[in-house]
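Enquirer: structural data only, the sequence is not supplied:
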DNA sequence: TTCAAGACTGCAAACAGTTGCACTAAACCT
DNA sequence: AGGTTTAGTGCAACTGTTTGCAGTCTTGAA
């Protein structure tokens, strides 16, 4: 039925171990034998059974990627890049979605542990303690979170926020509203402290807010009342919601108020006005994470972010 | 190092086969023994090794999902739903991206064939001949494509298009432009023939166009010149681009022209004006596809689409 | 010519489970 | 009481590959 290494061995007149070696250690087998085995294998349509291989070697050549929500536009580019990187080195990628639930996260890591050579966790929600325990079962690299003992890929939101506020400042805005994210968010804190470093602008913090379009929409009135002419939003969704909310209040963007988002997700590019935003190197992060995993290096990397200036920012009137 | 079935057997004083059965055929083992084995297994942190299990049973409890482009907003909801369905039945899901290349598609199917119990292919680009050959290696279900011999999940775009055109007609539009997709696209043909069935409107076909925002943008002038007051676009991206292009030409949506998209992707919901569109049941399709796969039924299903009326359509002036 | 080294290749024991078969003991029929 | 079923468990072979060890054959050097 399915063609195994034995079939190839028989058909090419060598022992199975030789066939095995032509695939996993080609230099150990005579060139002539090798090509013969290879052509026979090709004819028969032989493909090594990875499960069997995994059994002896302990390496599955599979990787897992765990994100909070596949449908959140922030993640797909990261997933795509991770997949490409894995594929390039002949790894296969499990993708899993925790639905934002820490418990699902833990469960998934457990379930994957024996089936992958490593995992990448994006912005994990589980506690440090849980993660440290899990790290003993399976190697992983964490994106967007500091965790001692695990490889870490960070995106420098802080610096991005600084660039954004400086951009607003450069345009002439003197009073800037920070529409922050959920309480307790590491990212949100990072954005705030970085924004506060910028001289020459007065910062008004509005929030906490839900990290969604709705959250931004709801914050519109507070932004108007704050007297700010420029806004840095927690992320692009919030920015988009905010722009809509401001519109309802009769305030135009960028004529009346400038707003900049964070993340650079697709809907922001398509929005009108096109969103000025801090681009997060999600693709680079995904790629790097799987590279680190495959090379089994434990490092902490901080990726640069940059500002993408589009149509939602302008000088104040 | 890693705890195996033998460790559990030793620690609970039974034979390995008994341990095996308490996991894979619990009803065959005495209740008392079962709980004893279970608690011991729990204590030791035992998890069955799926690779080893796969070796004997031939079933991996893994599924694969192959899409053209993970970053295309159309797919993530489908992936998410497929993942949830798989997870619910204790399957793991490989996700792969072909980057729109038919060759990659074939290669991926081959590579996965021994490692999964089944595959779901979304809108595959490979030829029928190739697909039929691949179907012999691994069971799969196809989404958005008819293929004899394989289970099929279709979304009824045709009917959706009809609803859209009828909606425009109902608003009073008498001349409707169809901004079609790429040449040779099955979906595009489907949309066209269905649209032509609607009485009382004159249909102007514009295209072929690239299925992107840019494609829609480029078609704006032709739409203006066509004298149509209503437009059905090949998909939401095209619609969004078109709206922008019309704006450049001084035409407002929906005041001057009404446009409806197809797919109901997130950016359409966030766009201004909010896009009237034909909602595709992508989540249902993903869920159903994995259910069919797991239950090994070969069926052809056609899922209903429906119209979501938002702000980009209105009566003509 | 002899020996050592090196290049290939074969042998067989793992790897971690599953499962058909055989066996025991208890329960169920007449 | 004797025979038959049934439940529960053990035995051992098997899944497809890898890999340390040992054997054979060449080749090169002394």
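Expert: Done, it's in. Everything quoted here is computed from the prediction, not taken from an experiment.
Enquirer: and the helix or strand hosting residue A:152, which strands flank it?
Expert: Taking DSSP states H and E as the criterion, residue A:152 maps to strand A:151-155. Sheet partners assigned to strand A:151-155 using DSSP bridges are listed as strand A:140-143 (parallel), strand A:300-303 (parallel).
Enquirer: up against DNA strand D, what does the stretch 51-200 of chain A have?
Expert: Residues of the stretch 51-200 of chain A lying close to DNA strand D by C-beta under 7 Å from any atom of the strand are A:52-53, A:55-57. C-betas here are computed from N, CA, C, even on glycine.
Enquirer: from those, which is closest to residue B:274?
Expert: Residue B:274 lies nearest to residue A:53 out of those, by C-beta to C-beta, at 51.7 Å.
Enquirer: quick one on the thing from earlier: out of the strands paired with strand A:151-155, which gets nearest to residue B:120?
Expert: Evaluated with C-beta to C-beta, those place strand A:140-143 nearest to residue B:120, the distance being 26.9 Å.
Enquirer: ok, and what's touching that closest one?
Expert: By C-beta atoms under 8 Å, 6 or more residues apart in numbering or on different chains, the residues outside strand A:140-143 that reach it are A:78, A:109, A:118-124, A:131, A:134, A:150-155, A:285-286, A:289, A:292-293.
Enquirer: hey, where'd the helices end up in chain A?
Expert: Ranges of helices within chain A are A:5-12, A:16-24, A:31-44, A:50-57, A:76-88, A:102-113, A:128-134, A:157-171, A:186-196, A:213-218, A:220-226, A:236-248, A:266-270, A:282-295, based on DSSP state H.
Enquirer: can those go into CSV with extra columns for mean neighbour count, mean pLDDT and distance to residue B:175?
Expert: Formatted as CSV, the helices of chain A follow (neighbours: other C-beta atoms under 10 Å in any protein chain shown; pLDDT from 0 to 100; distance: least, C-beta to C-beta, whole Å):
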stretch, mean neighbour count, mean pLDDT, distance to residue B:175
helix A:5-12, 18, 94, 65
helix A:16-24, 18, 94, 64
helix A:31-44, 15, 94, 58
helix A:50-57, 17, 93, 58
helix A:76-88, 23, 97, 38
helix A:102-113, 19, 93, 52
helix A:128-134, 15, 92, 61
helix A:157-171, 21, 97, 45
helix A:186-196, 18, 94, 50
helix A:213-218, 22, 96, 35
helix A:220-226, 18, 97, 39
helix A:236-248, 24, 96, 31
helix A:266-270, 22, 93, 27
helix A:282-295, 21, 96, 43
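Enquirer: could you export the ones you listed as a markdown table, including distance to DNA strand C?
Expert: What follows is these, written out as a markdown table (distance: least, C-beta to the nearest atom of the strand, whole Å):
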| stretch | distance to DNA strand C |
| --- | --- |
| helix A:5-12 | 7 |
| helix A:16-24 | 3 |
| helix A:31-44 | 4 |
| helix A:50-57 | 4 |
| helix A:76-88 | 24 |
| helix A:102-113 | 12 |
| helix A:128-134 | 18 |
| helix A:157-171 | 42 |
| helix A:186-196 | 37 |
| helix A:213-218 | 46 |
| helix A:220-226 | 56 |
| helix A:236-248 | 43 |
| helix A:266-270 | 43 |
| helix A:282-295 | 21 |
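Enquirer: thinking again about what came up before, using TSV, lay out the strands paired with strand A:151-155 together with mean pLDDT.
Expert: As requested, the strands paired with strand A:151-155 are exported to TSV (pLDDT from 0 to 100):
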stretch	mean pLDDT
strand A:140-143	96
strand A:300-303	96
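Enquirer: among the ones you listed, show me which one is buried the most.
Expert: Each of these was scored by mean neighbour count; the highest is strand A:140-143, a mean of 25, by mean count of other C-beta atoms under 10 Å in any protein chain shown.
Enquirer: so who does the closest residue to residue A:146 other than its chain neighbours touch?
Expert: The shortest distance from residue A:146 to any non-neighbouring residue, by C-beta to C-beta, 6 or more residues apart in numbering or on different chains, is to residue A:152 (6.1 Å). Each residue near residue A:152 by C-beta under 8 Å, 6+ apart is listed here: A:141-143, A:145-146, A:299-301.
Enquirer: then residue A:71?
Expert: Shown in contact with residue A:71 (C-beta under 8 Å, 6+ apart): B:76-77, B:80, B:266.
Enquirer: burial count for residue A:25?
Expert: The number of residues packed near residue A:25 is 9, by other C-beta atoms under 10 Å in any protein chain shown.
Enquirer: how close does it get to residue A:6?
Expert: Relative to residue A:6, residue A:25 is positioned 19 Å away (C-beta to C-beta, to the nearest Å).
Enquirer: swap in residue A:226?
Expert: 75 Å.
Enquirer: got it, and residue A:179?
Expert: Counting by C-beta to C-beta, the separation of residue A:179 from residue A:6 is 65 Å.
Enquirer: and if you look at residue A:124?
Expert: Residue A:124 sits 44 Å away from residue A:6, going by C-beta to C-beta.
Enquirer: what of residue A:256?
Expert: Per C-beta to C-beta, residue A:256 is found 75 Å from residue A:6.
Enquirer: please apply the same query to residue A:23.
Expert: Taking C-beta to C-beta, one finds residue A:23 at 14 Å from residue A:6.
Enquirer: ok, residue A:18 next?
Expert: Taking C-beta to C-beta, one finds residue A:18 at 12 Å from residue A:6.
Enquirer: ok, residue A:199 - contacts?
Expert: Residue A:199 neighbours (C-beta under 8 Å, 6+ apart): none.
Enquirer: give me the pLDDT for it.
Expert: Note on residue A:199: pLDDT of 94.
Enquirer: in CSV, list the strands paired with strand A:151-155 along with distance to DNA strand C.
Expert: Formatted as CSV, the strands paired with strand A:151-155 follow (distance: least, C-beta to the nearest atom of the strand, whole Å):
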stretch, distance to DNA strand C
strand A:140-143, 21
strand A:300-303, 32
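Enquirer: what's the nearest residue to whichever residue of the stretch 201-317 of chain A sits closest to DNA strand D if we skip its chain neighbours?
Expert: Here the stretch 201-317 of chain A gets closest to DNA strand D at one residue, residue A:296, 15.9 Å apart by C-beta to the nearest atom of the strand. Spatially, and ignoring its direct neighbours in sequence, residue A:296 is nearest to residue A:139 (6.8 Å; C-beta to C-beta, 6+ apart).
Enquirer: isn't the one you found up against residue A:293?
Expert: Yes. Residue A:139 is in contact with residue A:293 according to C-beta atoms under 8 Å; the separation is 6.9 Å.
Enquirer: identify the contacts common to these two.
Expert: Joint contacts of residue A:139 and residue A:293 (C-beta under 8 Å, 6+ apart) are A:117-119.
Enquirer: thank you kindly, that will do.
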